[in-house]
Every structure is written in C-alpha cells, then in structure tokens.
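*Asks:* only geometry, no sequence info:
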Ligand code: GUN
C-alpha cells in the first residue's frame with residue numbers, strides 16, 4: 001500500500017502557520033494585502049479567484065478585488081498595474097490567467113513589480129530561482145516541494161523525473177528539485193523513450209495535462225509519484241495525469257486527485273503573500 005500524500009491536510013497546516021504569523025504582524029500594526037485582478041468572465045478563473053480571496057480571508061491577509069470587463073484594453077490593465085505597483089499598502093499583485101485574446105500576457109506579467117509578483121512569473125523571479133537567489137517561486141512547484149518535505153520524503157541524491165516543461169510548473173519544478181540536490185531529468189512531448197526515462201525515477205512529478213496518461217508501466221516499483229494534473233471526466237469526477245488505480249499499487253507514496261497538489265497551490269500563494277510584506 002502506498003503512502004497517500006494528503007495535500008488537504010498539509011495545505012491546512014501551511015495556512016494555519018501563515019494565519020498565526022499574520023496575527024503577529026497585525027499585532028505590530030502591519031498588514032499583508034493582495035490585489036487580485038480578473039479580466040473577463042471565464043468561469044474556471046472566477047472559481048480560482050473566489051478561492052484565493054477565501055484563503056486570504058482565512059489567513060488574515062487583506063484582499064482587494066479588481067474585476068474588469070472582457071473588453072478591457074491592455075493599456076487600461078497596464079495602468080492599473082502601474083497604480084498598484086506604486087501603492088505602499090499593496091504588497092502582492094496577482095493577475096489571473098488566462099487573459100482575454102488581444103491582451104499580451106507576457107507584457108502584463110512583466111509590468112508587475114518583481115517585489116509584488118506573488119505568482120513568481122516575472123522574469124526577474126524566474127531568473128533568481130535559476131541561480132538560487134531569494135525571490136518569489138511559482139506556487140504549484142513550491143507546493144510540491146512542501147508536500148515532499150512534510151511527508152518525510154528525502155529529495156537529496158534521488159533520481160527526480162519531471163514530465164512537462166511549462167514555465168509555470170515543469171521548468172520551476174526542475175529548478176527546485178535541483179536546489180534540493182536531486183538529480184533531475186525533464187521530459188516533454190519530444191522525449192524519445194518516455195517510459196525508459198520515467199522508470200528511472202525515485203521521484204516522478206507529472207504535469208503534462210493528459211488525463212490518466214501515466215500508468216504503472218511508466219513507474220518503478222517504490223517510486224514517489226506526484227500528480228499535478230487535474231481533469232473533469234465525463235462522469236463528472238476529477239482525475240489527474242496519473243492513472244491512480246494502476247499506479248498506486250507500485251508506488252511507495254502518491255498524491256491523489258483531488259486533494260493532492262491542488263490545495264497546495266493556494267497555500268503557497270498565501271505563503272508568498274506573507275513574504276511579500278518584507279519584499
Ligand atoms: N491560472 C491558472 N493557474 C494560475 C496561477 O497559478 N496564477 C495565475 N495568476 N493564473 C492562473
């Protein structure tokens with residue numbers, strides 16, 4: 001039986017730690033404040049933003065909400081970001097992605113002050129991560145590291161294989177595992193013999209965006225398997241990039257979907273919001 005890595009419980013522990021630290025800050029008259037910008041009416045984004053605001057409330061972080069119409073121009077959005085960059089009472093700025101067509105996402109993310117970039121998407125923070133300097137780290141991969149550490153899983157010296165090379169998950173994930181002294185391989189759609197590589201992994205992190213793609217034939221006996229994917233199936237149930245029923249019997253530890261990596265992303269956003277007070 002694999003150890004089930006309980007992301008719900010671990011994310012709750014992280015949020016409770018943040019809550020007590022914001023209470024200490026508040027006693028000293030300091031408040032963390034996150035500005036959340038949502039452009040348009042994408043239903044999934046609306047749910048994410050609602051959950052982020054709820055987490056802020058729980059953690060004692062003030063949140064400001066900017067809900068802009070879908071036809072907002074890039075210039076207007078950049079003006080708002082410039083204004084929030086200047087405000088000393090705003091520590092963190094988050095622009096929910098994706099943005100409506102016609103708005104240049106890179107230009108918008110680059111406009112956020114690196115000191116307020118709680119998503120860790122700004123090139124300055126991405127660069128800092130790659131050279132091991134302190135900065136904001138993308139929340140999902142940071143959450144994966146917390147899941148491993150808080151589950152007592154050693155990373156140092158392990159063969160770590162990351163499947164997926166996105167800017168938000170795969171690339172920062174590989175940097176973080178490297179920082180923890182893992183031996184890291186990154187696979188992607190052009191990887192020749194994917195199975196051969198994934199079967200080497202002591203720690204396998206899967207972020208490819210394909211439902212139940214990784215079955216037991218990709219996994220070494222006793223591997224730790226972290227599933228970053230989340231998909232809604234035809235029957236309405238959620239599943240990950242990993243075929244849980246197939247992989248769980250061969251893994252030594254595994255994250256479920258839902259209740260694995262997912263809840264950690266928001267917990268790490270709260271962590272970054274708290275850190276933004278000192279940035
Ligand atoms: N859209 C999907 N995931 C994310 C995220 O982590 N941050 C932002 N800003 N938008 C997203």
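*Replies:* That came through fine. Given the structure is predicted, the values throughout are model-derived calculations rather than measurements. Residues are numbered from 1 along each chain as shown.
*Asks:* For residue 25, pull up the helix or strand it's in.
*Replies:* Element membership of residue 25 [criterion: DSSP states H and E] is helix 7-27.
*Asks:* Up against the ligand, what does the stretch 51-200 of the chain have?
*Replies:* Residues of the stretch 51-200 of the chain lying close to the ligand (CB under 6 Å from any ligand atom) are 94, 95, 96, 97, 119, 139. (C-beta placed from N, C-alpha, C; glycine too.)
*Asks:* Does the first one belong to a helix, a strand or coil?
*Replies:* Put plainly, it is residue 94. For residue 94, the assignment made with DSSP: H, G, I helix; E, B strand; the rest coil gives strand.
*Asks:* Please give me every residue in contact with the closest residue to it other than its chain neighbours.
*Replies:* Using CB to CB, 6 or more residues apart in numbering and skipping residues adjacent in sequence, the residue nearest residue 94 is residue 36, 5.1 Å away. The contact partners of residue 36, taken as CB atoms under 8 Å, 6 or more residues apart in numbering, are 49, 52, 53, 63, 64, 65, 66, 94, 96.
*Asks:* Now secondary structure, neighbour count and pLDDT too, for those, in TSV please.
*Replies:* Output for these, formatted as TSV (DSSP: H, G, I helix; E, B strand; the rest coil; neighbours: other CB atoms under 10 Å; pLDDT from 0 to 100):
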residue	secondary structure	neighbour count	pLDDT
49	helix	19	97
52	helix	24	97
53	helix	16	97
63	strand	20	98
64	strand	17	98
65	strand	14	98
66	strand	16	98
94	strand	24	98
96	coil	19	98
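*Asks:* Looking at those, which is nearest residue 179?
*Replies:* Checking the contacts of residue 36 against residue 179 with CB to CB, the nearest one is residue 94 at 23.9 Å.
*Asks:* now the end-to-end length of stretch 206-214.
*Replies:* End-to-end distance of stretch 206-214: 8 Å, with CA to CA, to the nearest Å as the criterion.
*Asks:* actually stretch 191-209, not the one I wrote
*Replies:* 16 Å.
*Asks:* Do me a favour and average the pLDDT over it.
*Replies:* The average pLDDT within stretch 191-209 is 98.
*Asks:* For it, buried residues please.
*Replies:* 191, 194, 197-199, 201-208 (16 or more other CB atoms under 10 Å).
*Asks:* and the helix holding residue 25, what does it pack onto?
*Replies:* Helices and strands touching helix 7-27, by 3 or more CB pairs under 8 Å, 6 or more residues apart in numbering; DSSP states H and E, are helix 43-59, helix 139-150, helix 262-276.
*Asks:* Pipe the ones you listed into a markdown table and attach distance to residue 30 per row.
*Replies:* Listed next are these as a markdown table, based on distance: least, CB to CB, whole Å:
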| stretch | distance to residue 30 |
| --- | --- |
| helix 43-59 | 14 |
| helix 139-150 | 22 |
| helix 262-276 | 11 |
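*Asks:* Now do the strands in the protein.
*Replies:* Taking DSSP state E to define them, one finds strands in the chain at 3-4, 33-39, 62-68, 92-95, 159-163, 183-187, 203-206, 224-227, 231-232, 238-239, 253-254.
*Asks:* Would you point out which residue of the chain is nearest the ligand?
*Replies:* In the chain, no residue comes nearer to the ligand than residue 97, which is 3.6 Å away by CB to the nearest ligand atom.
*Asks:* Run through the bridge partners of residue 163.
*Replies:* Beta-bridge pairing for residue 163 (DSSP bridges): residue 187, residue 206.
*Asks:* Now do the same contact list for it.
*Replies:* Neighbour list for residue 163: 170, 187, 188, 194, 198, 204, 205, 206, 207, 208, 214, 241 [criterion: CB under 8 Å, 6+ apart].
*Asks:* so what's the third one scoring on pLDDT?
*Replies:* Think residue 188. 97.
*Asks:* same thing with the last one?
*Replies:* Residue 241 is assigned a pLDDT of 98 by the prediction.
*Asks:* Give me the distance between it and residue 197.
*Replies:* Note on residue 241: its distance to residue 197, by CB to CB, to the nearest Å, is 15 Å.
*Asks:* what's the neighbour count on the residue lying closest to residue 155 once chain neighbours are set aside?
*Replies:* Spatial nearest neighbour of residue 155, chain neighbours left out: residue 180 (3.9 Å); criterion: CB to CB, 6+ apart. Burial of residue 180, expressed as a neighbour count using other CB atoms under 10 Å, amounts to 18.
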